[in-house]
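Asks: Mind looking at a prediction? Sequence and model below.
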Amino acid sequence: MLKRRPLVTGDKTYKDVTEDICELIERPPGIHFMGLFLSVQVLFIFYIVVLACIVTTGMGLMGVNSPVGWGTDIITFVFWIGIGHAGTLISAVLFLFRQKWRTSIARTAEAMTVFAVMTAGLFPVLHTGRPWLAYWLLPYPNQRGPLWVNFRSPLIWDVFAVSTYATVSIVFWYVGLIPDFATVRDRAKNKWRKKIYGALSLGWRGSARDWNHYEMVYMLLAGLSTPLVLSVHSIVSFDFAVAQLPGWHTTIFPPYFVAGAIFSGFAMVITLMCIVRHLVPKFKDYITLDHMEVMNKIIMTTGLIVGYAYGSEFFIAWYSGAPYEQYVFVNRAFGPYGWSYWIMVSCNVITPQIFWFKKFRRSIPVMFVASIFVNIGMWFERYVITVTSLHRDFLPSQWGMFDMTFFDFGALIGSFGMFLTLFLLYLRLVPAVSIAEVKPVLFVGKDKGGHH
Amino acid sequence: MANPIEILENLLRPKAKSGLVGIWLDEHKLVDAAKKVRESGVQKFEAISPFPLHGIDDAMGIPRSIIPWVTFIFGLLGCGLGVLFTWWVSAVDWPLIIGGKPMWSLAAFIPVIFECTILFAALSSVGAMFYINGLPKIDPVIIDPDLTCHKFALFVPEESDGYSKESLEKIFKDMGAIEVRPAEF
């Protein structure tokens, strides 16, 4: 009989699992963590200052202008939303497929989803130019008629998709956390920790009847999140695809965007897991090299899908016989923005090919560097789609270039400060591996346990 | 007049029942013990575990959760409200011609209707779970703090039919409980 590889290494008992995972919350942070956290704080404060400048002065500080009216804000919004998708894929889709290896990374991946969506959500609000009127995007009875939102616009679909996605992801994540908060509460020696985690656990006690309904809800949420995550990036792609613009108006966009989202999201999971494994050596027993290898395989697969989509776009542009479509694609690869196109292709199509080799799939330094390249490439993918399709309109009098300003770069780089701040706080405040989900798979691939 | 916070607190503070508890270190033995307890004629009792136990529902006779019905009904409700709202806004309350599309352009409304469906279904399912499980609870009695870590317990309240301290103690001990004592839950 084929032997399954253990999902958790190091002969753990149930008690060891609780202790390994809770320890991170209960002991003061080490020098490595504090160093990283403080440097991330500097970046976060820089981000706040950049955003404050843009909000108080106006969108003129950023590079968007005619003809390129969509710039860094939209590109970075799509980038972060895409990153969020891998978290839902791991926590919901792999759950429905009964992929037990997902258990030890699901919590952190879902946290990444929540924080990536939070980071993403700021960008379209900023892009409106008057973020203090962002609530106009919601359909509420108002004194302007009432003037309702335009439900035929993909931008309003996006408001609904992203806010539903954020809500359901947070709820899904929190429901998963309830039993683990109860574990932290029951271990707490400190009075305040007991109170705070007691409140967060909602008084969970884990009776069989509780678990019966809990497991059902968890599965239902996974089942609801699965079409939801596919809809979100499809709708994000509609922001582009519904416009009658060569380079955007293609039917391939929804699947192409979803595959790209999973691709970049898994790369971000790899980046974060490398950091977590470095900061918390104990987690190497839970987030094993086997986990990393499987994720690298997914990166390679989705990288191939994305590469296929690039090729398919070119083929259809040629095959359609539409001269404007053909011009946009030739211009994309060989025009003034050709450099960004080739960065995208080399990062997204060529880099993941190293994962054909088992040695590289299992090498932490290699996958760390590759995952960062993939995310650079995926940012450039959105840059290419947005900017190259806009910068040369139908009339040459409408041609122009998009130049990123200091504030464009500041908002892009600073957003990592926000994301990493949230992520590092999460690592210290919340059980970063699902305690209640890892325990039942503790003996998978081991001789102990007996029951199948 | 009573303080509303006090009323809420009393509502959320579960009333503890006294009974007998047995604690195990091996979850398989607990599942077998639960079967025995049920065979002895006790119908209402609790199993407390740090994670969902395989086979405990059958052993204790817990039926399948009814929450999928809540999900289904509220999903339909979300879908229906989405249809009504997009139609009423676009075709009734303030009809505007946009891009030459019909006032009632269902295809364009589907994304919003879909998101409403998912949102209603997801939030109602979680709400139903909270309601059925009685969450949130304020300061519930905890039999043993290790029951969310590595121990497993069966609790039989005194009020349940067929409760007999002696026979339950015997079942618990025979099935390998490491601790048997009276407790509140």
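Replies: Now that the structure is in, tell me what you want to look at.

Asks: domain ranges for chain B?
Replies: Structural domains of chain B, as assigned by automatic domain parsing, span the residue ranges B:15-63+B:141-184, B:67-133.

Asks: quick one: the shortest one to chain centroid distance?
Replies: Distance, stretch centre to chain centre, for domain B:67-133: 26 Å (C-alpha atoms, centre = their mean, to the nearest Å).

Asks: again, but for stretch A:213-228
Replies: Put simply, stretch A:213-228 sits 19 Å off its chain's centre (C-alpha atoms, centre = their mean).

Asks: Determine how far stretch B:167-182 lies from the middle of the whole chain.
Replies: Stretch B:167-182 has its C-alpha centroid displaced from the chain centroid by 27 Å (C-alpha atoms, centre = their mean).

Asks: just stretch A:391-402 next, same as before
Replies: Centre-to-centre, stretch A:391-402 and its host chain are 33 Å apart (C-alpha atoms, centre = their mean).

Asks: Now it: buried residues?
Replies: If you call a residue buried by 16 or more other C-beta atoms under 10 Å in any protein chain shown, then stretch A:391-402 has these buried ones: A:H391, A:R392, A:D393, A:F402. Quick note: C-beta positions are derived from backbone N, CA and C, even for glycine.

Asks: Run a quick neighbour tally on the spatially closest residue to the first one that is not a sequence neighbour.
Replies: Computed as C-beta to C-beta, 6 or more residues apart in numbering or on different chains, the closest residue to A:H391 that is not its neighbour in sequence is A:V68, at 5.2 Å. Residue neighbour count, defined by other C-beta atoms under 10 Å in any protein chain shown, stands at 20 for A:V68.

Asks: Can you check the pLDDT for A:V68?
Replies: Looking at A:V68, its pLDDT is 92.

Asks: Could you check how far A:P352 is from A:R193?
Replies: The gap separating A:P352 from A:R193 is 43 Å, by C-beta to C-beta, to the nearest Å.

Asks: Would you mind telling me which of these two has the busier surroundings?
Replies: A:P352 (27 against 15).

Asks: State the distance from the closest residue to that one other than its chain neighbours to chain B.
Replies: With sequence-adjacent residues excluded and distances taken as C-beta to C-beta, 6+ apart, A:P352 is closest to A:G303, at 3.4 Å. To chain B, A:G303 is 28 Å away according to C-beta to the nearest C-beta, to the nearest Å.

Asks: Kindly report the same for A:F181.
Replies: Distance, A:F181 to chain B, using C-beta to the nearest C-beta: 9 Å.

Asks: Number of residues surrounding that residue?
Replies: Residues near A:F181, counting by other C-beta under 10 Å, number 22.

Asks: Could you tell me which residues make contact with the residue nearest to B:L135 when sequence neighbours are not counted?
Replies: When the adjacent residues along the chain are set aside, B:L135 lies closest to A:L202, with 4.4 Å between them (C-beta to C-beta, 6+ apart). With contact taken as C-beta atoms under 8 Å, 6 or more residues apart in numbering or on different chains, A:L202 is in contact with A:I178, A:F181, B:F130, B:L135, B:P136, B:K137.

Asks: and A:L202, helix, strand or coil?
Replies: A:L202 carries the three-state label coil when classified by DSSP: H, G, I helix; E, B strand; the rest coil.

Asks: Please enumerate the helices of chain B.
Replies: All helices of chain B, identified by DSSP state H, fall at B:4-12, B:27-39, B:56-60, B:67-87, B:106-133, B:165-174.

Asks: Format these as CSV; extra columns: mean neighbour count and distance to chain A.
Replies: As requested, these are arranged in CSV below (neighbours: other C-beta atoms under 10 Å in any protein chain shown; distance: least, C-beta to the nearest C-beta, whole Å):
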stretch, mean neighbour count, distance to chain A
helix B:4-12, 11, 8
helix B:27-39, 20, 6
helix B:56-60, 20, 5
helix B:67-87, 18, 5
helix B:106-133, 21, 4
helix B:165-174, 16, 16
